[in-house]
Each structure stands twice: as structure tokens, then as C-alpha cells.
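Student: Sequence first, then the predicted structure:
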Amino acid sequence: MTIPVLTIDGPSGAGKGTISRAIAKQLSWHYLDSGSIYRSLSIAVLNASVAVDDIPAILAVAKSMQLEFDCGEQLTVKLNNEDITQHLSLEETGRVASIIAAYPEVRAVLLQKQKAFQQMPGLVADGRDMGTVVFPDAQYKVFLTASAKVRALRRYKQLKEKEIDANLAQITQDLEERDRRDQERATAPLISAKDALIIDSSDMSLERVIEEVMNLIQNGLNW
Ligand code: DC
């Protein structure tokens, strides 16, 4: 029997994580935050003091790292038995993740780790290439976006809530740079799958977006 998959792709800060977690909870499905796999590798690379352009060394780190995910109320990640959850959301972690995610060899190593999340009764997978590369046969696909201005502001508020020092202009610049890198890379770039429902959440509440995605699933539509 096919295990159902809902993919939610889109740029940084579009709200994919919050929406995906809420939908996974409502459906009692598993949740894959694929960005956290790239972020975990980024932490492993930084810990090993490997240069971001040393592809063979990055591959060695990727192949040997042991990751454990606990997708409870809050995501907890252990890298080689050490809790790295606090480091996942750091700007530097995201920046390096976006650089190393552009290497096709790195993506190939991380592919199986992501596919393994497809378990009964279903999976909500969020990322950049969930609907195009990792789960191309997914029954339900969403491309969730929002303007760069709105996304930067959301990120700024998130950091402030966590009492992390934040500068809106810098966040906007970093976000646009990361968008560019994610969209322009040759392998698995950030693009909407042609059968995805595109949702621009710039002027939508969280509840409204969740409702639209739930409608897609309940109506059994495949765009
Ligand atoms: O979603 P995120 O911000 O946690 O992702 C961090 C980086 O990882 C992102 O800039 C690009 C990369 N990434 C990717 O290339 N493919 C994915 N499916 C998820 C993330």
C-alpha cells in the first residue's frame, strides 16, 4: 500500500515548518523537516573545521554522521549522540547549510536519510525539493511562499521572541542571498513542482493557510 505524502516546499521563512507541524499533528502523520538534515550537516562540518568548499571532506562528514530525530512537540536533534537542537536555528548554521546543499554529491548522500521518513500512516515533508526530487510521487504537493519583506519580518520577530540579537536589514539581505543560492543551484533548485498547489501566505493568517492545505488533502485533489 502506498504511504501518503504531503510535500511543502518553499523559500526560507515562508512558514513551512509551523504549517507542516500543525498538519502532521492534525493528521497524526510523521514529519520530516529536511532543512534540519542540511543544518545538522552544516553543524557537523563547522565542528570538524572543514572548509565549505572541501567537497571530499564534507562528503566524509555526511557519510559518517549519526543523526537522531525526535519530532515531538519541539524538534530535538542529536548529532553523534550530542544534542545540537540549540544550534540548528543559528544564522551561521543556515548560511553554511545553504552553501553545502548546492553540492549534488552531498544531496545524494542525504537523499536516503530523507526517504526513510516515509512511514505509515503518512508523512508531511518540508523543504526545497520534497515535491520535485525526494518524493516526486507524493499525492499532495504545496509550494508555500511569501514576499521577502514579510519573511524577513517574521524571522526577525522569531529571533526577538527567543531574545536573540537581530537586525532586520541584515536578515533581509541574508534571506535574499539564500533565496538566490537555493534557486540558482544546478541540482534540485528551489522551484515549485508543476503539480503543486501554490500558496502565497504574505497576506494570510496561519490558520487560513492550514485550512487551505487541509482542504487539499480532504478533497483528495492532486493538482
Ligand atoms: O529550511 P531551512 O532554512 O532549515 O534550510 C536550510 C538550508 O538547507 C536551505 O538554505 C537550503 C538547504 N535545504 C535544501 O537544499 N533542500 C531542502 N530540502 C531543505 C533545505
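Tutor: Structure received. Bear in mind the structure is a predicted one, so any value in this text is a computation, not a measurement.

Student: neighbouring contacts of the lengthiest helix in the chain?
Tutor: Longest helix of the chain, by residue count under DSSP state H: helix 168-184. Here helix 168-184 makes contact (CB atoms under 8 Å, 6 or more residues apart in numbering) with 11-13, 91, 94-95, 98-99, 101-102, 128, 148-149, 151-153, 155-156, 159, 189-191. C-betas here are computed from N, CA, C, even on glycine.

Student: Swap in 6 Å and give it another go.
Tutor: With contacts defined as CB atoms under 6 Å, 6 or more residues apart in numbering, helix 168-184 is touched by P11, S12, S98, R128, A148, A152, R155, Y156, P189, L190.

Student: Would you write a PyMOL line that selects the buried entries of the residues you listed?
Tutor: Remark: buried members of the contacts of helix 168-184, expressed as a PyMOL selection using 16 or more other CB atoms under 10 Å:
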select buried, resi 11+12+98+128+148+152+155+156+190
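
Student: The contacts of helix 168-184: which ones sit near the ligand?
Tutor: Among the contacts of helix 168-184, the ones lying close to the ligand by the criterion of CB under 6 Å from any ligand atom are S12, S98, R128.

Student: quick revisit: and the longest helix of the chain with the ligand, contact?
Tutor: Yes. With CB under 6 Å from any ligand atom as the measure, helix 168-184 is seen reaching the ligand through R178, D182.

Student: Name the residues of that helix that are buried.
Tutor: I171, T172, D174, L175, R178, D179, R181, D182.

Student: next one: stretch 61-76
Tutor: V61, A62, M65, L67, F69, C71.

Student: Assess the claim that the first one and L46 are in contact.
Tutor: Just to be clear, that refers to V61. No. If you go by CB atoms under 6 Å, V61 and L46 don't touch, sitting 9.9 Å apart.

Student: Burial check on the closest residue to I199 other than its chain neighbours, number of neighbours?
Tutor: Leaving out its chain neighbours, the residue that sits closest to I199 by CB to CB, 6 or more residues apart in numbering is L144, at 5.2 Å. When counting by other CB atoms under 10 Å, one arrives at 25 neighbours for L144.
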